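K.L.:
A predicted structure for the sequence below; I have some questions about it.
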Amino acid sequence: MDASLVDVDLALVGGGGAGSLVLAALDRHGLTGLRVAVVDPVHKRGQDRTWAFWGIPGTDLDPLLSAAWSQVDVVTPAGRRVLSLAPLRYAMVRSGPVYDRAAEAERRLGAVRIAAPAGELRDDGHRVTVHDPAGRPLVRAGWVLDSRPHPPRRPGRTNWLQHFRGWWLSAERPTFDPTRAVLMDLRTPQPERGVSFGYVLPVSDRYALVEYTEFSPALLPDAAYDAALRAYAALLDLDLTALRVREVENGVIPMTDGPFVPRPSARVVRIGTAGGATRASTGFTFSAMLRQADQVARALAAGRPPVPAPAYPRRHRWMDAVALRALDRGHVGGVEFFERLFERNPAERVLRFLDGATSPAEDLAVMRSSPLLPMAGAVLGDAVARLGARS
């Protein structure tokens, strides 16, 4: 064993969103005596992504938010529904403030930054050695939190992607309504297999993120995203000749019922999407990453292993698998599915369901709001597929 190797209590492999939230949580819980290392070849800074989520106002995140809304719109070909979210709110945070908060936490914690890519993690049951891709040891740690992308343990029965492109649009005169966000606008042309929608997150009356999103099995050609955004802007009656595209955001998020492995070895814990933080039926991830970070910090503060709880209840993961199957096999149309979800449930219940925070009784109410016969076919198909996988 190399005696000169840096030895820490906790190593964060990956310094993106999930790792940044953990650093902030460690600092927030006063864990300044913890020896921490961050292993990432890139020190994340600036605006490279935007996260939207819902929660209760008055949290430590509030100073980092770009905007928040107590009302959101869900728009379908049948009309516009204005949802009051109280006591929750829908909020947007950009990556820059999150990375800045993580850098501040890193300094306060006295963390060691190792600017190198991580390769194999060798866990002997007592310590974990993080190696680079060439096999050279980088750091040894009591625990490793790994936020790098990892595939599921096995391919899912349904494997979709949430893929999107957004334009940050600025205007010379008042153009957007900063009091309300558009959560889902399902008037966009629907793909043959999948569901598409637009949304609008206004920061002010002259600045907003306008985005086109698809849930479907495959990515589009690059030019198709811009074409879809231009068509969506026309639906919003936005005159693009009078607007300026300040920034462009792209993203791809897995939507699969394949099982992720949150703890591949005794002292390695995966966080973020690889740790199950992405909701399979919607692609939402940020709230679960936030919960994971807080649970890790609380556990360490109490002298317990830094192992967060499962991001979502098992019954929700089953419901996600059924919903994905129903949409993928054409048992139900995406517009109808989401329209009924918001039409037949209070907005707070829907948002808490999507966040994995509803009770079994509330889950039943959500299930009853979906088309029963088509969803029953998806339930049966899912059960047959599970039995076949075990045989």
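P.N.:
Perfect, thanks for sending it.

K.L.:
any idea of the mean pLDDT in the helix or strand harbouring Val72?
P.N.:
Counting by DSSP states H and E, the element that carries Val72 is strand 71-76. Over the span of strand 71-76, the pLDDT mean works out to 95.

K.L.:
pull out the buried positions in it.
P.N.:
For strand 71-76, burial by neighbour count (16 or more other Cβ atoms under 10 Å) applies to Gln71, Val72, Asp73, Val74, Val75, Thr76. Quick note: C-beta positions are derived from backbone N, CA and C, even for glycine.

K.L.:
so how far is it off the chain centroid?
P.N.:
Relative to its parent chain, strand 71-76 has a centroid offset of 20 Å by Cα atoms, centre = their mean, to the nearest Å.

K.L.:
what pairs with that strand, parallel or antiparallel?
P.N.:
Taking DSSP bridges as the criterion, strand 71-76 forms sheet pairs with strand 79-84 (antiparallel), strand 180-185 (parallel).

K.L.:
could I get those strands as TSV with distance to Ala102, mean pLDDT and mean neighbour count?
P.N.:
Formatted as TSV, the strands paired with strand 71-76 follow (distance: least, Cβ to Cβ, whole Å; pLDDT from 0 to 100; neighbours: other Cβ atoms under 10 Å):
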stretch	distance to Ala102	mean pLDDT	mean neighbour count
strand 79-84	32	93	12
strand 180-185	26	96	23
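
K.L.:
follow-up on the earlier one: from the buried residues of strand 71-76, pick the one nearest Gly258.
P.N.:
Nearest to Gly258 out of these is Val74 (Cβ to Cβ; 29.1 Å).

K.L.:
quick one: mean pLDDT over stretch 129-147.
P.N.:
Averaged across stretch 129-147, the pLDDT comes to 97.

K.L.:
okay, it in PDB with CA atoms only?
P.N.:
As requested, the backbone C-alpha atoms of stretch 129-147 are provided in PDB (Å, rounded to 0.1, in the frame of the first residue of the first chain):
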ATOM      1  CA  THR A 129      -8.800   3.300  -3.600                       C
ATOM      2  CA  VAL A 130      -9.800   5.500  -6.500                       C
ATOM      3  CA  HIS A 131      -7.600   4.900  -9.600                       C
ATOM      4  CA  ASP A 132      -7.300   6.800 -12.800                       C
ATOM      5  CA  PRO A 133      -8.100   5.100 -16.100                       C
ATOM      6  CA  ALA A 134      -4.500   3.900 -16.500                       C
ATOM      7  CA  GLY A 135      -4.700   2.200 -13.100                       C
ATOM      8  CA  ARG A 136      -2.600   4.700 -11.100                       C
ATOM      9  CA  PRO A 137      -4.000   5.300  -7.600                       C
ATOM     10  CA  LEU A 138      -5.300   8.800  -7.000                       C
ATOM     11  CA  VAL A 139      -6.800   8.700  -3.400                       C
ATOM     12  CA  ARG A 140      -7.800   6.400  -0.700                       C
ATOM     13  CA  ALA A 141     -11.100   6.900   1.200                       C
ATOM     14  CA  GLY A 142     -13.300   5.400   3.800                       C
ATOM     15  CA  TRP A 143     -16.300   6.000   1.600                       C
ATOM     16  CA  VAL A 144     -16.700   7.000  -2.000                       C
ATOM     17  CA  LEU A 145     -19.800   8.700  -3.500                       C
ATOM     18  CA  ASP A 146     -19.800   8.100  -7.200                       C
ATOM     19  CA  SER A 147     -21.900  10.400  -9.400                       C
END
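
K.L.:
now that stretch: buried residues?
P.N.:
Across stretch 129-147, burial judged by 16+ other Cβ under 10 Å covers 129-132, 137-147.

K.L.:
one more: stretch 219-230?
P.N.:
Counting neighbours by 16+ other Cβ under 10 Å, the buried set in stretch 219-230 is Leu220, Tyr225, Ala228, Leu229.

K.L.:
and Phe342, what element?
P.N.:
Take DSSP H and E as the rule and Phe342 turns out to sit in helix 334-343.

K.L.:
quick check: angle from that helix to strand 79-84?
P.N.:
With axes from the mean of the first three to the mean of the last three Cα atoms, to 10 degrees defining the directions, helix 334-343 sits at 40 degrees from strand 79-84.

K.L.:
using TSV, lay out the buried residues of stretch 219-230 together with distance to Gly276 and pLDDT.
P.N.:
What follows is these, written out as TSV (distance: Cβ to Cβ, whole Å; pLDDT from 0 to 100):
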residue	distance to Gly276	pLDDT
Leu220	27	97
Tyr225	28	98
Ala228	30	98
Leu229	31	98
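
K.L.:
between these, which sits nearest Thr32?
P.N.:
Among those, Tyr225 lies closest to Thr32 (Cβ to Cβ), at 44.6 Å.

K.L.:
confirm that the closest one sits in a helix.
P.N.:
Yes: going by DSSP: H, G, I helix; E, B strand; the rest coil, the assignment for Tyr225 places it inside a helix.

K.L.:
how near is it to Asp60?
P.N.:
Distance check for Tyr225 against Asp60: by Cβ to Cβ, to the nearest Å, it reads 34 Å.
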